[in-house]
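Visitor: Task: produce atomic coordinates for the following.
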Amino acid sequence: MSRKKIVAGNWKMNKSLQEAKTLAERITQQVNDFDEVIKIIFPPFPYLESVNTRTSLKANFYTGAQNCSTHASGAYTGEVSAAMLASVGCSYVLVGHSERRQYFKEKDADLVLKIREALNNGLSPVLCVGETIHERKTDNHFKVVSEQLTNVLQAFSLDEFKRFVLAYEPVWAIGTGETATARQAQEMHAYIRNVIADIYDSGIANDVSILYGGSCTPQNAQELFACKDVDGGLIGGASLNADDFCKIIFSF
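Guide: Numbering: from 1, shown residues only. The predicted structure follows:
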């Protein structure tokens, strides 16, 4: 079984345009033609096209958006549609990131609409799931993740799901300096595969790439990526430094 290895950098709301261009150039220079790992950069919306021009000709390198609208078009001031993202070269879109769930109150029903728009426009959704510190401490972490997956994936066929990437975000380990241990990460990634097997079948569960997204750094990436069911990382803070991000890419 050979799943896709993926390292994705979520820049969140950081960098000026010139800083974004420089960062993208430094990253692509260091990874050069290293094509054993799929690389994805998720810059802020205004920088998508500029970043894409610097990554699109590199081996297994793609640009993604951090979000998309639930709507196809229309009078929705401030929104960005999946069709717009595709038109500037995006291949992926993050859906359900913990910060979108927490700060913007996005619900599972919203994520279904966003994913439908993404799929309709040729984008691959990176669906994020994960529990808070309260949910883990009360031993509800498996239940929470199972419900997040089931509530969204029941709306999509097996063939549609083949275009998904999943990302497990222990919310308590994002931007806190805390990191799930390799054992905790492996345990949840394996559990996610079991949920996918229940929703679809074991074949697709073994095929889907599941990324770890909780304070992954050059120091812990190798241990995390060595876990049987961890197929890469959704990198936050470390993706804002070219050297750190590239060290993570080379951690497989």
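
Visitor: only C-alpha atoms for contact and neighbour calcs from this point on.
Guide: OK.

Visitor: Tell me the helix or strand right after the lowest-mean-pLDDT helix or strand in the chain.
Guide: None of the helices or strands of the chain scores lower by mean pLDDT, DSSP states H and E than helix 133-137, at a mean of 90. Elements were assigned by DSSP states H and E; along the chain past helix 133-137, the next helix or strand is helix 141-153.

Visitor: So which bits of that following helix are buried?
Guide: Buried residues in helix 141-153, counting neighbours by 16 or more other C-alpha atoms under 10 Å, are found at 141-142, 144-146, 148-150, 152-153.

Visitor: Please render these as CSV that adds distance to residue 196 and pLDDT to the earlier fields.
Guide: Output for the buried residues of helix 141-153, formatted as CSV (distance: C-alpha to C-alpha, whole Å; pLDDT from 0 to 100):
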residue, distance to residue 196, pLDDT
141, 16, 96
142, 13, 98
144, 14, 97
145, 11, 98
146, 9, 98
148, 12, 98
149, 8, 98
150, 8, 98
152, 12, 98
153, 9, 98
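
Visitor: Between these, which sits nearest residue 115?
Guide: residue 152 (9.0 Å; C-alpha to C-alpha).

Visitor: Report the contact partners of the closest one.
Guide: 108-109, 111-112 (C-alpha atoms under 8 Å, 6 or more residues apart in numbering).

Visitor: hmm, back to that, alpha carbons of the least confident helix or strand of the chain, as PDB, please.
Guide: What follows is helix 133-137, C-alpha atoms only, in PDB (Å, rounded to 0.1, in the frame of the first residue of the first chain):
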ATOM      1  CA  ILE A 133      -8.400  20.000  25.000                       C
ATOM      2  CA  HIS A 134     -11.700  19.700  26.900                       C
ATOM      3  CA  GLU A 135     -12.900  17.000  24.600                       C
ATOM      4  CA  ARG A 136      -9.700  15.100  24.900                       C
ATOM      5  CA  LYS A 137      -9.500  15.400  28.700                       C
END
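
Visitor: Report the buried residues of that helix.
Guide: Neighbour-count burial for helix 133-137 [16+ other C-alpha under 10 Å]: 135-136.

Visitor: Low-confidence regions, the stretch 101-250 of the chain specifically.
Guide: 177 (pLDDT under 70).

Visitor: Break down it into its helices, ranges please.
Guide: Secondary structure of the stretch 101-250 of the chain (DSSP state H, counting those that start in this stretch): helices at 108-120, 133-137, 141-153, 158-161, 182-199, 202-207, 221-225, 242-249.

Visitor: could the ones you listed be laid out in TSV, adding distance to residue 18?
Guide: Shown next, in TSV, are those (distance: least, C-alpha to C-alpha, whole Å):
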stretch	distance to residue 18
helix 108-120	28
helix 133-137	37
helix 141-153	37
helix 158-161	36
helix 182-199	36
helix 202-207	38
helix 221-225	28
helix 242-249	14
